[in-house]
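Visitor: with the sequence up front, the predicted model follows.
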Amino acid sequence: ELKVEQNPLFLSMQEGKNYTIYCNYSTTSDRLYWYRQDPGKSLESLFVLLSNGAVKQEGRLMASLDTKARLSTLHITAAVHDLSATYFCAVDRLGRDDKIIFGKGTRLHILP
Amino acid sequence: DAGITQSPRYKITETGRQVTLMCHQTWSHSYMFWYRQDLGHGLRLIYYSAAADITDKGEVPDGYVVSRSKTENFPLTLESATRSQTSVYFCASKLSGNTIYFGEGSWLTVV
């Protein structure tokens, strides 16, 4: 059974600091997604990581994937208040059972 | 506008009633999903569909029924609503191998 674990689940940090959110998953996966959700809103796609060693960057966010370790990271550089949100990773087993399973999310609060 | 739409957006119903949440997408995406979001649990997969007339259970299917007679529609029915089904429900769709697109969510309260 596919399990997806994120940590930390809650994170409060100061503006200007760097931090990393971790996403571990339990079985072989074909791709990994990162999403952002603002309170009361839907989910917004950030990154799709397709292969081992994939790295994608958008602004202050950078995501990477290590399929051998079954680990993805979302790194935040020099955090700003606007990045406060909940971040989810999700694992796709396309071609196996087609399920897409989400982690519980990391609630990020950036203090001005 | 093209996209994925859910209805109703907000619903209050009584315990024991049947409720159907609608999901419609205009992209002809093959895959569609229903998730529920609860505090402390993140998003949990209820049912998913790889194509019309093909559906399968997710992580928490009990108490829910789905159908997919047309590619663009994927309704979710609560046959006899319970308070534990109070949640925010998200419908999503995607093409094979591509990113997942989410609807705006349906807030359901069972009293």
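Guide: Cool, got the structure. Numbers count the residues shown, from 1 in each chain, chains lettered A, B, ... in the order given.
Visitor: the one helix or strand in chain A whose mean pLDDT sits lowest - contacts with which helices or strands?
Guide: Within chain A, no helix or strand scores below strand A:100-102, which has a mean of 91 by mean pLDDT, DSSP states H and E. On a contact count with 3 or more CB pairs under 8 Å, 6 or more residues apart in numbering or on different chains; DSSP states H and E, strand A:100-102 meets strand A:85-92, strand B:42-51. Using the backbone N, CA and C atoms, a C-beta is placed for each residue, glycine as well.
Visitor: which strands border that strand, and is each parallel or antiparallel?
Guide: Looking at strand A:100-102 with DSSP bridges, its partner strands are strand A:85-92 (antiparallel).
Visitor: mean confidence for the partner strand?
Guide: The pLDDT scores in strand A:85-92 average 94.
Visitor: ok, stretch B:87-100 next?
Guide: 89.
Visitor: pull the residues that contact it.
Guide: Contacts to stretch B:87-100, defined as CB atoms under 8 Å, 6 or more residues apart in numbering or on different chains, come from residues A:31, A:33, A:42-43, A:45, A:48, A:90, A:94, A:100, B:4, B:6, B:21, B:23, B:25, B:27, B:29-38, B:43, B:46, B:74, B:76, B:101-103, B:105-108.
Visitor: list the contacts of whichever residue of chain A sits closest to chain B.
Guide: Minimum separation of chain A from chain B (CB to the nearest CB) falls at A:Lys104, amounting to 3.6 Å. Neighbouring residues of A:Lys104 by CB under 8 Å, 6+ apart: A:Glu5, A:Gln6, A:Leu9, B:Gly40, B:His41, B:Gly42.
Visitor: okay, A:Arg96: pLDDT?
Guide: pLDDT, A:Arg96: 67.
Visitor: which residues touch B:His29?
Guide: Per CB under 8 Å, 6+ apart, neighbours of B:His29: B:Thr71, B:Ser93, B:Lys94, B:Leu95, B:Tyr101.
Visitor: again with A:Ser51
Guide: With contact set as CB under 8 Å, 6+ apart, A:Ser51 has these partners: A:Leu65, A:Thr67.
Visitor: what does chain B put close to chain A?
Guide: Residues of chain B lying near chain A by CB under 8 Å from any CB of the partner chain: B:31, B:33, B:35, B:40-45, B:48, B:50, B:56, B:58-59, B:90, B:92, B:96-105.
Visitor: returning to that earlier point: any of the contacts of B:His29 buried? List them.
Guide: With neighbours counted by 16 or more other CB atoms under 10 Å in any protein chain shown, those contain buried members at B:Thr71, B:Ser93, B:Lys94, B:Tyr101.
Visitor: redo those as TSV? Include secondary structure and distance to A:Leu65.
Guide: Listed next are those as TSV, based on DSSP: H, G, I helix; E, B strand; the rest coil; distance: CB to CB, whole Å:
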residue	secondary structure	distance to A:Leu65
B:Thr71	coil	31
B:Ser93	strand	23
B:Lys94	strand	18
B:Tyr101	strand	21
